[in-house]
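>>> coords please:
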Amino acid sequence: MSPGSYIRSAAQATFSAYRRVPVRWRLAGGSAALTCVILTSFAAIVGILANGQVQNLFIQSVDKSFQQVDAQIRPIVSHGRTSCNENLPSLAFADNAQIRVVDQYGDTLCSSQVTPTGKPLNTPLLQVPAGAGNPPSQSYSQAGYQVRARWLSWGSDSHGWLLYARPVSATDQTVSRIQAFLVLGVIAGALLALLAGLYVAQRAMRPVAQLTDVTREIELTRDPTLRIPHPEAEDEVAELARTLEGMLASLAGARADTEAALTRQREFVADASHELRTPLTSVLANLELLADELQGEQAESAKSALRSTRRMRRLVGDLLLLARADAKREQPHKPTDLGTVLTDAAGELGPVAGDHVLSVDAQSAVIDANRDDVHRLILNLIENALRHTPAGTQIRASTGNDGSRALLVIEDSGPGIPEELRERVFDRFVRGSGDGGRGTGLGLAIVRAVAASHDGSVELTSSQEDGHAGTRFGISFPLSRLARVEMEEPDASGQTSTTTGKTIGRRLRRL
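Modelled structure (predicted):
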């Protein structure tokens, strides 16, 4: 990868990571970064100026102290030996300095004691140009000291240098403290700017958070009529709130129009299906008459038309039932014994069970229902088991109650429903591969619609019996109020009865 491509990839990755950061952190981070840049620039300028000012003050202090020492130092020659003032150590101790007097050859004549923090000063050989007068004073730095040197003359032929050295460590410490203070100030200012930016960003984003809460509530309740909060300021957030409010109003209107259109469509389908039953009944009656009267090929044609018409009548009946459920047209409900309905449905399907083993255990369970619809539900479940299982499969149907709800169970020991169909098996016009084109794909959709219209529920599970996956449909209905009262009536001994009702079922084997 070329350097340019690498730089572009790094820049894209950085920008992508930056875009994933929340807005409040981006605002606060930008504010803190800008504050940090400003404070850093200010601290750099202040540090440079402060360093120069401290150095100047130090130089001035060194010069002033050197002048004071120069005014008080008077070497004395006695018996060929040179001595200095007795207060030389005290003069040096005041400024933590070192003072020495050396001759013109660099030999030390007298000096102050070395302070605990000081180091011995290696005196350079200060040469005096030949034929020149008194050499000028000199200033230089050596071994961490700022040094001042002046030519001295005492006696007729005694000459030398007065050296005054002040350590620069104190100045360096002062500069370091100033720099540390400035760095801490920059860091503290950036952190305060970050916290203030987060607070301000949170306050600024509060109207957006309120809008988010309301829209989330609308998502959960699906109620577009909820009020959108409007901020007091006329800014972009207020414009967003008005836009959301207008959008929800438009969606509510579109939803109402769609619901009205669907309602009209359901009403039309229900009415059309109902009106189709009368002509289909007439056509069916005439075809039955023709099939009995005609002979030969004409009779076969009439019987074929009769079979198609019967299939059409059943399809129209299925569509009418589903259309009524969609249009919320409830049929009158009366107390109905679920066990009796199961027995009638099993007896109706007995002649067409073939080699299937159909067993029925019908116990009394009274529910408030439309008998025809519940009868159709049971027929569909048993027919579904007969159609989609091989010969010899055991099919068990039973009813009962658990004290508060009536239970209907239809299960078989067949191969079971494929996993890919389990999620869609109750949808309309969904047919399995073993259907053979005989069904309409509406049977289980009708089962769910009838159960829902009776405040019931449908559960599809695997029976897991006889080594087969099997299929088990469990339908639960609320018991009739009259049945619950009868079950809770006290018996002759004053105890509450807990009987499950009279067993009225029978077992049908190999019908």
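
>>> who does whatever helix or strand S476 lives in touch, helix- and strand-wise?
Element membership of S476 [criterion: DSSP states H and E] is strand 471-478. With contacts taken as 3 or more C-beta pairs under 8 Å, 6 or more residues apart in numbering; DSSP states H and E, strand 471-478 sits against strand 366-369, helix 371-388, strand 405-412, helix 443-453, strand 457-461. For the C-beta atoms, the positions are set from N, CA and C on the backbone; glycine is no exception.

>>> Of all these, which one is nearest F66?
strand 457-461 (104.5 Å; C-beta to C-beta).

>>> so what strands line up beside that closest one?
strand 471-478 (antiparallel) (DSSP bridges).

>>> What are the buried residues along stretch 151-162?
Neighbour-count burial for stretch 151-162, counted by 16 or more other C-beta atoms under 10 Å, picks out W151, L152, W154, G160, W161, L162.

>>> how about the helices in the stretch 1-150 of the chain?
3-19, 23-72, 88-94 (DSSP state H, counting those that start in this stretch).

>>> Include mean neighbour count, distance to Q265 and mean pLDDT when you put the ones you listed into TSV, please.
Converted to TSV, those look like this (neighbours: other C-beta atoms under 10 Å; distance: least, C-beta to C-beta, whole Å; pLDDT from 0 to 100):
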stretch	mean neighbour count	distance to Q265	mean pLDDT
helix 3-19	10	46	68
helix 23-72	15	45	87
helix 88-94	16	108	70
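
>>> Adding distance to L349, write the ones you listed out as CSV.
Output for the helices of the stretch 1-150 of the chain, formatted as CSV (distance: least, C-beta to C-beta, whole Å):
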stretch, distance to L349
helix 3-19, 65
helix 23-72, 66
helix 88-94, 122
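
>>> Compare the ones you listed and report which one is nearest to R264.
helix 23-72 (46.3 Å).

>>> quick one: buried residues of the strand holding S476?
T471, R472, F473, I475, S476, F477, P478.

>>> Stretch 418-430 too?
Buried residues in stretch 418-430 (16+ other C-beta under 10 Å): V425, F426, R428, V430.

>>> doesn't V360 fall inside a helix?
No. Read with DSSP: H, G, I helix; E, B strand; the rest coil, V360 is strand and lies in no helix.

>>> shouldn't P415 be in contact with T389?
Yes. Using C-beta atoms under 8 Å, P415 is in contact with T389, at 7.2 Å.

>>> neighbour count winner among the two?
Higher neighbour count among P415 and T389: T389, with 21 against 15, using other C-beta atoms under 10 Å.

>>> Helix, strand, or coil at F426?
F426 ends up coil, using three-state DSSP.

>>> what are the phi and psi angles of it?
phi -90, psi 0 (degrees, to the nearest 10).

>>> so what's it up against?
L444, A445, V447, R448, V458, L460 (C-beta atoms under 8 Å, 6 or more residues apart in numbering).

>>> Which of those residues sits closest to I76?
L460 (121.9 Å).

>>> Might one say that the closest one is in contact with I417?
Yes. Applying C-beta under 8 Å, one finds L460 in contact with I417, separated by 7.3 Å.

>>> So between these two, which is more surrounded?
Counting neighbours by other C-beta under 10 Å for L460 and for I417 shows that I417 has the greater number, 18 against 14.

>>> Distance-wise, check the residue lying closest to the more buried one once chain neighbours are set aside relative to T389.
Counting by C-beta to C-beta, 6 or more residues apart in numbering, I417 lies nearest to T471, which is 5.6 Å off, once chain neighbours are set aside. Distance from T471 to T389, counting by C-beta to C-beta, to the nearest Å: 8 Å.

>>> Contacts only, for the residue nearest to P231 when sequence neighbours are not counted.
In this structure, P231 finds its nearest non-sequential neighbour in P207, 4.2 Å apart by C-beta to C-beta, 6+ apart. Taking C-beta under 8 Å, 6+ apart, we find P207 in contact with P229, P231, V237, A238, A241.

>>> what's the lowest-pLDDT member of these?
Among the contacts of P207, P231 has the lowest pLDDT, at 74.

>>> how far away is that residue from A165?
On the measure of C-beta to C-beta, P231 and A165 end up 71 Å apart.

>>> So if I had to pick from these two, which one is more boxed in?
A165 (28 against 17).

>>> Would you agree the more buried one is in contact with V147?
Yes. Counting by C-beta under 8 Å, V147 is a contact partner of A165 at 4.6 Å.

>>> and the contacts of F426, which are buried?
If we count by 16+ other C-beta under 10 Å, those have these buried: L444, A445, V447, R448, V458.

>>> Farthest-apart pair in these, please.
Longest span within the buried ones among the contacts of F426, C-beta to C-beta: A445 and V458, 10.8 Å.

>>> so how far is C84 from the residue lying closest to Q68 once chain neighbours are set aside?
Among residues not flanking Q68 along the chain, L91 sits closest, at 7.8 Å (C-beta to C-beta, 6+ apart). As judged by C-beta to C-beta, L91 and C84 stand 10 Å apart.

>>> tell me, what's touching those two both at once?
Between them, L91 and C84 share the contacting residues I73, judged by C-beta under 8 Å, 6+ apart.

>>> ok, back up a step: what touches both of L460 and I417?
Joint contacts of L460 and I417 (C-beta under 8 Å, 6+ apart) are V425, T471.

>>> thinking again about what came up before, the residue nearest to P231 and D223: what is the separation?
P207 is 21 Å from D223, by C-beta to C-beta.

>>> Below-threshold pLDDT in the stretch 51-200 of the chain: ranges please.
77-80, 85-88, 94, 113-133, 155-157 (pLDDT under 70).

>>> can you pull out the strands in it?
Using DSSP state E, counting those that start in this stretch, the strands of the stretch 51-200 of the chain run over 76-78, 81-83, 98-103, 108-111, 138-142, 145-154, 158-167.

>>> Now tell me what touches the fourth one from outside.
Contacts with strand 108-111, where a contact means C-beta under 8 Å, 6+ apart, come from 75, 82-84, 88, 98-103, 123, 160.

>>> The second one now?
Strand 81-83 is contacted by residues P75, I76, V101, D103, L109, C110, W154, S158, G160 when judged by C-beta under 8 Å, 6+ apart.

>>> Please identify which two of those residues are farthest apart in space.
Longest span within the contacts of strand 81-83, C-beta to C-beta: I76 and D103, 14.3 Å.

>>> Which strands or helices does the longest helix belonging to the chain pack on?
Secondary structure assigned by DSSP state H gives helix 236-293 as the longest helix of the chain. Packed against helix 236-293 by the contact rule (3+ C-beta pairs under 8 Å, 6+ apart) you find helix 169-221, helix 296-326.
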